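A.B. asks: need a 3D model of the following:
(one chain, ligands or ions: 1)
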Amino acid sequence: MLKFDFTYTLAENVQGGLDTAEIDSYSAKVEEFLKRLDENKPGFVNAVLTRKWIDSVNELSDFIFTFDNLVVLGIGGSALGNIAIQNALRPANWNSLSVDERNGYLRIFVVDNVDPDYLSSVLDCVDPKTTLFNIISKSGTTAEPMANYLIVRGILESYGLDPKEHLIFTTDPEKGVLRRLGRAEGIRMLEIPPDVGGRFSVLTPVGLLSAKAAGVDIEELIIGAKDAYEKTINSSLWENPAALIAVTHYLHYLKKRNISVMMAYSNRLYYLADWYRQLWAESLGKMYDNDGNKVHVGQTPVKALGAVDQHSQVQLYNEGPDDKIITFLRTEQFDREIIIPKIHESEPELAYLGGKKLSTLLNSEQLGTQLALAKHGRPSITVTFPKIDEYHIGQFIMYYELATVIAGHLFNINPYDQPGVELGKKITYALMGREGFEEYNYSDSAQKRVEVE
Ligand code: PA5
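C.D. replies: Below is the predicted model:
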């Protein structure tokens with residue numbers, strides 16, 4: 001199992017840390033919440049307790065593996081999990097490998113923006129004739145994937161290719177324009193369970209299709225997630241990673257630590273921090289609590305990469321405002337190892353490195369940073385991967401999804417909605433001339449402008 005270390009959240013080890021009694025005082029509340037959650041499981045939990053979603057992806061195997069490239073078009077929860085899995089479980093040079101080096105699995109591109117330079121550069125890399133496009137949008141109303149879909153469809157048509165032989169729609173089982181078009185045109189489709197929100201959907205067909213296409217063992221992802229769920233439901237607070245993540249973050253928030261940094265000491269784990277950033281921000285950043293009070297709660301998630309950000313951010317973390325709780329991600333085992341050569345042995349600045357593993361340097365830097373933070377009174381948590389594989393990535397996803405809903409309960413907010421993103425969408429529709437949204441054209445609403453060149 002993943003290992004979690006909460007030592008440096010405690011007052012004994014960090015000035016301004018938590019008393020064990022403070023944490024203890026939440027055990028009944030959390031255990032009661034988890035009991036109810038198990039009796040009435042949320043959609044993202046049910047999604048890993050069935051074979052339905054894995055089977056629906058497996059059924060498309062024959063079709064998927066006729067292609068060289070998969071281009072995913074989605075945004076937010078319809079993209080970040082795919083990117084995280086791809087980066088964690090496939091090497092950084094995956095898309096540069098030959099088809100044989102990839103064992104026949106597909107190159108994967110996830111386009112989650114409407115930047116024309118970016119989209120063009122991805123499209124330059126793929127031949128439409130050998131490319132499958134997976135359009136993911138639960139609602140089917142999101143401007144970004146819909147614009148990118150229209151562009152891709154236009155390209156397929158301009159090549160004289162049959163769109164339905166190059167597209168898979170992943171969307172709501174009943175609602176939305178993708179479902180409508182897919183039905184009308186016989187396009188292959190995958191379902192997103194209606195009760196699973198975007199940022200909780202990575203272990204549904206949203207994330208499973210691109211993982212499968214890259215040769216990731218999707219069964220193991222789900223087994224990892226299931227084991228993390230079982231552990232969460234059956235453990236008391238002090239044995240319960242998800243519950244302790246939630247309680248320690250909540251209590252540090254009450255102590256004015258309103259920033260949650262996730263700092264990965266592994267390039268492969270870095271994109272999990274990006275996935276977490278959305279999960280924590282969109283789920284917990286809310287104006288109203290469940291009783292209708294205006295509360296404006298939320299903890300700003302920040303991602304960082306070790307050792308890189310030691311030379312960029314850590315000065316601030318140690319000496320700047322005491323407003324952060326930091327989570328370190330590290331791995332005990334890297335897939336590849338490099339021994340630093342013994343060269344220049346008479347130079348003390350270099351000699352101590354010679355003969356050491358590069359991974360030992362990275363993990364020592366992580367511990368060094370954590371201990372220095374503790375000395376400065378800055379709390380931190382460590383999540384250790386025994387190795388970076390499907391099983392542990394599945395666990396990580398489930399633990400953090402559960403931690404998020406437990407934290408939602410502690411904050412007394414609804415972690416599943418995102419009303420704060422709606423207005424911006426409506427204004428964009430108005431700016432783009434979408435019928436019915438004229439009242440949201442606020443472009444001239446500034447009382448006073450300051451514009452400089
Ligand atoms: O978590 C969420 O609900 C959002 O981030 C959505 O995933 C994102 O807005 C994309 O929505 P959709 O899949 O409907 O296009």
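A.B. asks: what number of residues lie near the closest residue to the ligand within the stretch 201-350 of the chain?
C.D. replies: Taking Cβ to the nearest ligand atom as the measure, the point where the stretch 201-350 of the chain comes nearest the ligand is E282, at 5.5 Å. C-beta here means a position set from N, CA and C on the backbone, and glycine is covered the same way. By other Cβ atoms under 10 Å, 23 other residues sit near E282.
A.B. asks: what's the nearest residue to it if we skip its chain neighbours?
C.D. replies: Nearest residue to E282, sequence neighbours excluded (Cβ to Cβ, 6 or more residues apart in numbering): Q418, at 5.0 Å.
A.B. asks: wait, the one you found sits on A281?
C.D. replies: No: Q418 is not in contact with A281 according to Cβ atoms under 8 Å; the separation is 9.5 Å.
A.B. asks: on that earlier part again, pLDDT score assigned to the residue of the stretch 201-350 of the chain closest to the ligand?
C.D. replies: Note on E282: pLDDT of 98.
A.B. asks: cool, and E422?
C.D. replies: Per the predicted model, pLDDT is 88 at E422.
A.B. asks: and it, how far from the ligand?
C.D. replies: 10 Å (Cβ to the nearest ligand atom, to the nearest Å).
A.B. asks: pLDDT on the helix or strand where A184 lies, on average?
C.D. replies: In this assignment (DSSP states H and E), A184 forms part of helix 177-185. Mean per-residue pLDDT for helix 177-185: 98.
A.B. asks: same thing with stretch 219-233?
C.D. replies: pLDDT averaged over stretch 219-233 gives 98.
A.B. asks: what of stretch 313-329?
C.D. replies: On average, stretch 313-329 scores 98.
A.B. asks: quote the end-to-end distance of it.
C.D. replies: 16 Å (Cα to Cα, to the nearest Å).
A.B. asks: buried stuff in that stretch?
C.D. replies: Judged by neighbour count (16 or more other Cβ atoms under 10 Å), stretch 313-329 contains these buried residues: Q313, V314, Y317, D322, D323, K324, I325, I326, T327, F328, L329.
A.B. asks: what is the burial count for L60?
C.D. replies: L60 has 19 nearby residues by other Cβ under 10 Å.
A.B. asks: swap in G81?
C.D. replies: 31.
A.B. asks: if I look at it, what pLDDT would I see?
C.D. replies: pLDDT at G81 comes out at 98.
A.B. asks: count the residues that sit near the nearest residue to it once chain neighbours are set aside.
C.D. replies: Leaving aside its chain neighbours, G81 sits nearest to V202 (2.7 Å; criterion: Cβ to Cβ, 6+ apart). Residues near V202, counting by other Cβ under 10 Å, number 31.
A.B. asks: just the pLDDT at V202, thanks.
C.D. replies: For V202, the predicted pLDDT is 98.
A.B. asks: please name the nearest non-neighbouring residue to E319.
C.D. replies: H376 (6.8 Å).
A.B. asks: if we can go back for a sec, the residue nearest to E282 and K3: what is the separation?
C.D. replies: Distance, Q418 to K3, using Cβ to Cβ, to the nearest Å: 32 Å.
A.B. asks: between these two, which one's more packed in?
C.D. replies: Q418 (19 against 12).
A.B. asks: relative to D227, how far out is that one?
C.D. replies: Relative to D227, and taking Cβ to Cβ, Q418 is found at 29 Å.
A.B. asks: what parts of the chain come near the ligand?
C.D. replies: Residues of the chain found near the ligand (Cβ under 6 Å from any ligand atom) are 75-78, 137-139, 142, 145, 197-199, 282, 418.
A.B. asks: what is the nearest of the residues you listed to R90?
C.D. replies: When the residues of the chain next to the ligand are compared for distance to R90 (Cβ to Cβ), S78 wins out at 19.4 Å.
A.B. asks: now the closest one: closest residue in space, sequence neighbours ignored.
C.D. replies: In space, S78 is closest to I136, 4.0 Å off (Cβ to Cβ, 6+ apart).
A.B. asks: all helices for the stretch 151-300 of the chain, in order.
C.D. replies: With DSSP state H, counting those that start in this stretch as the criterion, the stretch 151-300 of the chain has helices at 177-185, 205-213, 218-234, 241-254, 270-284.
A.B. asks: of all the ones you listed, which one comes closest to R102?
C.D. replies: Closest among the helices of the stretch 151-300 of the chain, once you apply Cβ to Cβ, is helix 205-213, at 10.4 Å.
A.B. asks: and the contacts of the closest one?
C.D. replies: Residues outside helix 205-213 that contact it (Cβ atoms under 8 Å, 6 or more residues apart in numbering) are 53-54, 56-58, 60-61, 64-65, 67, 70, 72, 74, 77-78, 81-82, 85-86, 89, 105-106, 108, 110, 132, 134, 136, 138, 168, 170, 190-192, 198, 201, 218, 221.
A.B. asks: all strands of the stretch 351-453 of the chain, in order?
C.D. replies: Taking DSSP state E, counting those that start in this stretch as the criterion, the stretch 351-453 of the chain contains strands spanning 380-385.
A.B. asks: and the residue of it closest to the ligand?
C.D. replies: The nearest approach of the stretch 351-453 of the chain to the ligand comes at Q418, 5.7 Å away (Cβ to the nearest ligand atom).
A.B. asks: again with the chain
C.D. replies: G198 (2.1 Å).
A.B. asks: excluding chain neighbours, what is closest to that residue?
C.D. replies: G198 sits nearest to G77 (Cβ to Cβ, 6+ apart), 2.6 Å away.
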